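S.K.: give me coordinates for this.
(chains A and B)
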There are 2 protein chains.
Amino acid sequence: MKIIIVGASGTMGSFLSKAFEKEHEIVRADRHGMDMQVDITSPESIENMYKATGAFDALICTAGPTYVGPWKSLTGKEFRQGVEGKMMGQINLVLIGQHYIKPRGSFTLITGALTHEPQRNFANASAANGAVEGFVRAAAIELENGVRINAVSPTVIENSPQYFPFFPGEIPTTMRQLEYGFRKSAFGAGTGQVIKTH
Amino acid sequence: MKIIIVGASGTMGSFLSKAFEKEHEIVRADRHGMDMQVDITSPESIENMYKATGAFDALICTAGPTYVGPWKSLTGKEFRQGVEGKMMGQINLVLIGQHYIKPRGSFTLITGALTHEPQRNFANASAANGAVEGFVRAAAIELENGVRINAVSPTVIENSPQYFPFFPGEIPTTMRQLEYGFRKSAFGAGTGQVIKTH
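M.R.: This is a model prediction of the structure:
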């Protein structure tokens, strides 16, 4: 399979790239340019990525910028980080990518436990996650040619210990659990699912 | 109680205004100006509404514009209708309104069954609803002074039969069920809840 991984230089993306590269052709994409440069906040940049990549079997997105910070400093302006990043960035990857993906291909987006289990400082991520999950369920009944779409929803990630203090008592998602979530989405048959890795 | 109803000229808002006006002081707000003019896609307009209204006990929003139309015509551009309207419009009503609401006041936003039960043509609403529901859960743990926040989630509305063909087999939410949902949110003790009227 030809798999595009957006956010390939990040904690999750680099792990998944290594996990899948033995069996699949991986196109690593990130903001700064690995195999491919893409700024998911720009529809033009997304279109250019797909034009350069050509037809593909699976897109995995692990990139989801949001605003993290005290509620008191959260206004509509800060909120835009998650709206343009984790939400519309990922939604545009699908709305545009559907014209390039192969029949029976799949999209796998990233959300997180914050959708239903909020933590202080993360209201922007809770909203962006909720939007992406609602979109995934709706897109699943609209996409044609057998194209599937799912979201993977982890808790705080094992390899991101800097976030542990923000998630008291939350059992971290191991990198292996995360990998299995993406495997289930990309290589399984389900669609419209939010795959919890916790 | 002093209750601001945003979307007061709409199907839901006008019903709720009549239902609550015997017991409460109702401030009717909508785009065209009833007691108050407000364009929820504009943070400035929201701020002006609150400045003019002054301190209040409850805000109810029944206004939630989204893009409704064929998937094939849905691009990031059309998607903005729900992002700026039902999503950021309602989120900004809270982020700004928290500075005007009385202690122990409440916000009640509108979402809908589409969050979890998608229908063709409504992907934009599914995403906007999901965002608002995620935000409601997160805001509930952040708001101070005992201020509460909930969402009411109806199916297709009894008094909006023009939408019935889009919701095959969906049992409509009666106006009375809808009223009870908003009563539960505004006059009950719960917070961070998505109150299903179905």
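
S.K.: packing partners of the helix or strand that residue A:17 is a member of?
M.R.: With elements taken from DSSP states H and E, the one containing residue A:17 is helix A:11-20. Helices and strands touching helix A:11-20, by 3 or more C-beta pairs under 8 Å, 6 or more residues apart in numbering or on different chains; DSSP states H and E, are strand A:2-6, strand A:25-30, helix A:175-187. (Each C-beta comes from the backbone N, C-alpha and C, glycine too.)

S.K.: let me have those in TSV, adding distance to chain B, mean pLDDT and mean neighbour count as columns.
M.R.: Below are the helices and strands packed on helix A:11-20 laid out as TSV (distance: least, C-beta to the nearest C-beta, whole Å; pLDDT from 0 to 100; neighbours: other C-beta atoms under 10 Å in any protein chain shown):
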stretch	distance to chain B	mean pLDDT	mean neighbour count
strand A:2-6	16	98	25
strand A:25-30	18	98	21
helix A:175-187	18	98	19
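
S.K.: how close does the nearest residue to residue A:189 once chain neighbours are set aside get to chain B?
M.R.: The shortest distance from residue A:189 to any non-neighbouring residue, by C-beta to C-beta, 6 or more residues apart in numbering or on different chains, is to residue A:148 (7.6 Å). Distance of residue A:148 to chain B, computed by C-beta to the nearest C-beta, to the nearest Å: 14 Å.

S.K.: which parts of chain A are strands?
M.R.: A:2-6, A:25-30, A:36-37, A:56-61, A:101-110, A:148-153, A:193-196 (DSSP state E).

S.K.: let me know whether residue A:66 touches residue A:128 as I believe.
M.R.: Yes: counting by C-beta atoms under 8 Å, residue A:66 touches residue A:128, with 5.4 Å between them.

S.K.: and chain A, which of its residues are near chain B?
M.R.: A:43, A:71, A:74-76, A:79, A:83, A:87-88, A:91-92, A:95-96, A:114-116, A:118-120, A:122-123, A:126-135, A:137-143, A:192 (C-beta under 8 Å from any C-beta of the partner chain).

S.K.: what about residue A:94, neighbour count?
M.R.: 22 (other C-beta atoms under 10 Å in any protein chain shown).

S.K.: can you give me the end-to-end distance of stretch A:68-83?
M.R.: 13 Å (C-alpha to C-alpha, to the nearest Å).

S.K.: how far off centre is it?
M.R.: Distance, stretch centre to chain centre, for stretch A:68-83: 20 Å (C-alpha atoms, centre = their mean, to the nearest Å).

S.K.: please identify the buried residues of that stretch?
M.R.: When burial is assessed from 16 or more other C-beta atoms under 10 Å in any protein chain shown, stretch A:68-83 yields the following buried residues: A:68, A:71, A:74, A:78-83.

S.K.: for those residues, which one is nearest residue B:17?
M.R.: For those, the closest approach to residue B:17 (C-beta to C-beta) belongs to residue A:79, at 29.2 Å.

S.K.: is the closest one in contact with residue B:94, as I believe?
M.R.: No: counting by C-beta under 8 Å, residue A:79 does not reach residue B:94; the two are 10.8 Å apart.
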